[in-house]
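# one predicted model, sequence on top.
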Amino acid sequence: MEKVKKMDAYYRTESNAESAKAKLETLKVEKVLVERVPDSSRNGLMEVIKNMFTDDTKDHHHDPQILHVEVADEDFAEANKIVQESEGFISKE
């Protein structure tokens, strides 16, 4: 791919992240990786994201995940749409 944009998308669950990953892989993408948001991240964007996904009730189990991907410029708008439709939050860093 010539021109790519990096995208980091955050999800409440691994299932949501993996579902988005599968859809993104139909586009022109590289280096697609889903991983758990590290517990050791206690400041900055990671802490904000983790707090955003924290629910006051104990009924819900959340395992925050981050999806890293490089997307071809021509497919970036579609990738953004996929992330939003799969309940992801895109980092603006």
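Looks like it came in fine.
# leaving out chain neighbours, which residue sits closest to D75?
In space, and not counting its chain neighbours, D75 is closest to L27: 4.1 Å by Cβ to Cβ, 6 or more residues apart in numbering. C-beta: built from backbone N, CA, C; applies to glycine.
# quick one: the strands in this structure?
Taking DSSP state E, the strands of the chain run over residues 4-11, 29-36, 65-72, 89-90.
# now the ones you listed in JSON lines, with distance to I82, mean pLDDT and mean neighbour count?
Shown next, in JSON lines, are the strands of the chain (distance: least, Cβ to Cβ, whole Å; pLDDT from 0 to 100; neighbours: other Cβ atoms under 10 Å):
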{"stretch": "strand 4-11", "distance to I82": "9", "mean pLDDT": "93", "mean neighbour count": "20"}
{"stretch": "strand 29-36", "distance to I82": "10", "mean pLDDT": "94", "mean neighbour count": "13"}
{"stretch": "strand 65-72", "distance to I82": "10", "mean pLDDT": "95", "mean neighbour count": "20"}
{"stretch": "strand 89-90", "distance to I82": "11", "mean pLDDT": "89", "mean neighbour count": "16"}
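# distance to V83 added to the ones you listed, as TSV?
Putting the strands of the chain into TSV (distance: least, Cβ to Cβ, whole Å) gives the following:
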stretch	distance to V83
strand 4-11	4
strand 29-36	12
strand 65-72	8
strand 89-90	6
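# out of those, which gets nearest to E18?
strand 29-36 (5.9 Å; Cβ to Cβ).
# C-alpha coordinates for that closest one, PDB please?
Taking C-alpha atoms only, strand 29-36 is exported to PDB below (Å, rounded to 0.1, in the frame of the first residue of the first chain):
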ATOM      1  CA  VAL A  29      -5.400  -2.900   5.700                       C
ATOM      2  CA  GLU A  30      -2.100  -4.000   7.200                       C
ATOM      3  CA  LYS A  31      -0.800  -4.800  10.600                       C
ATOM      4  CA  VAL A  32      -4.200  -5.500  12.200                       C
ATOM      5  CA  LEU A  33      -3.800  -6.400  15.900                       C
ATOM      6  CA  VAL A  34      -6.300  -6.700  18.800                       C
ATOM      7  CA  GLU A  35      -4.900  -6.700  22.300                       C
ATOM      8  CA  ARG A  36      -6.100  -6.100  25.800                       C
END
